[in-house]
Structure formats: C-alpha cells, structure tokens
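Undergrad: Test case, fold it:
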Amino acid sequence: MNSNKRELKSWQYFLLGVLVTLLLVGSLTACYQGRKISRWTGQAVHINLPEDVRSYDQIVSISFHKNADGETFKDVTFIGTDGKLHSQEFNDWGILQGKIVWELQEQ
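TA: From the prediction side, this is the model:
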C-alpha cells in the first residue's frame, strides 16, 4: 500500500508552533489599547474616538486613571452630535467599555 500522506518533520512542527504563537500574540496585542506595547515598539497607540466626535472642539475632557489591577482607563467626555454630554471609557483591552449619556432634567 502506497500512502500519499506526508509526515511533518520535527523542525516543521517547530516552525508551525512559532508561526501559530506569533499569530496569537499579534491577535491579542491588536486588541490592546495600553501604552506598554507603545513603549516596547516605539509606535503610538491609536484609539478611535466614538463616531459622534467629528471635531476636537466637541471634546470636553480626557482623563486617565488606574484600577486596583494597574489597568489604565481613559475617559473621554464630549458633546455628541445629538447635543448631549457623553462620557465614554476606554480600557487597556478594548472590551467591556462603558458609556454614559448625561441628560438634563427639564424643570
């Protein structure tokens, strides 16, 4: 019986493992919005502002603070296109971010 199945050699498994590891690390770091990677690579971190922000004049404030785990949160407060005051949180990993829309009570 002649089988057309090719067996991978040990160096091929090693190379495959390195490539998979690089892909996984690259995928994880693509989600990361912290400055640690910026310090390692020398490249700036780019975080997209919410779609409501079309001009820097709409931004009221930007603040940075850390939680107990050392993760940095970036809060951007801006006037949205709806005319309301919005505060949006950006964390290092870009997931589970919160947003507040401030409403005025009419008297």
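Undergrad: Tell me if residue 11 really is in a helix.
TA: Yes: secondary structure of residue 11 (DSSP: H, G, I helix; E, B strand; the rest coil): part of a helix.
Undergrad: What separation is there between it and residue 25?
TA: Going from residue 11 to residue 25 by C-beta to C-beta, to the nearest Å gives 21 Å. No exception for glycine: its C-beta is placed from N, CA and C like everyone else's.
Undergrad: Show me the shaky parts of this protein.
TA: Within the chain, the stretches with pLDDT under 70 are 1-4, 26-37, 93-96.
Undergrad: Would you state the strands of it in chain order?
TA: Applying DSSP state E to the chain gives strands spanning 59-66, 72-79, 85-90, 99-102.
Undergrad: In the sheet, which strands lie alongside the last one, parallel or antiparallel?
TA: Think strand 99-102. Strand 99-102 sits in its sheet next to strand 85-90 (antiparallel), going by DSSP bridges.
Undergrad: The first one now?
TA: Strand 59-66 sits in its sheet next to strand 72-79 (antiparallel), going by DSSP bridges.
Undergrad: For the strand it pairs with, which outside residues touch it?
TA: Contacting residues not belonging to strand 72-79 are listed as 33-35, 47, 49-50, 52-53, 58-67, 85-92 [C-beta atoms under 8 Å, 6 or more residues apart in numbering].
Undergrad: Let's see that with 6 Å instead.
TA: Outside of strand 72-79, the residues within contact range by C-beta atoms under 6 Å, 6 or more residues apart in numbering are 34, 53, 58-66, 86-92.
Undergrad: related to what we said a few turns ago, mind putting the strands of the chain in TSV, mean neighbour count and distance to residue 5 included?
TA: Listed next are the strands of the chain as TSV, based on neighbours: other C-beta atoms under 10 Å; distance: least, C-beta to C-beta, whole Å:
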stretch	mean neighbour count	distance to residue 5
strand 59-66	11	54
strand 72-79	17	51
strand 85-90	18	50
strand 99-102	11	54
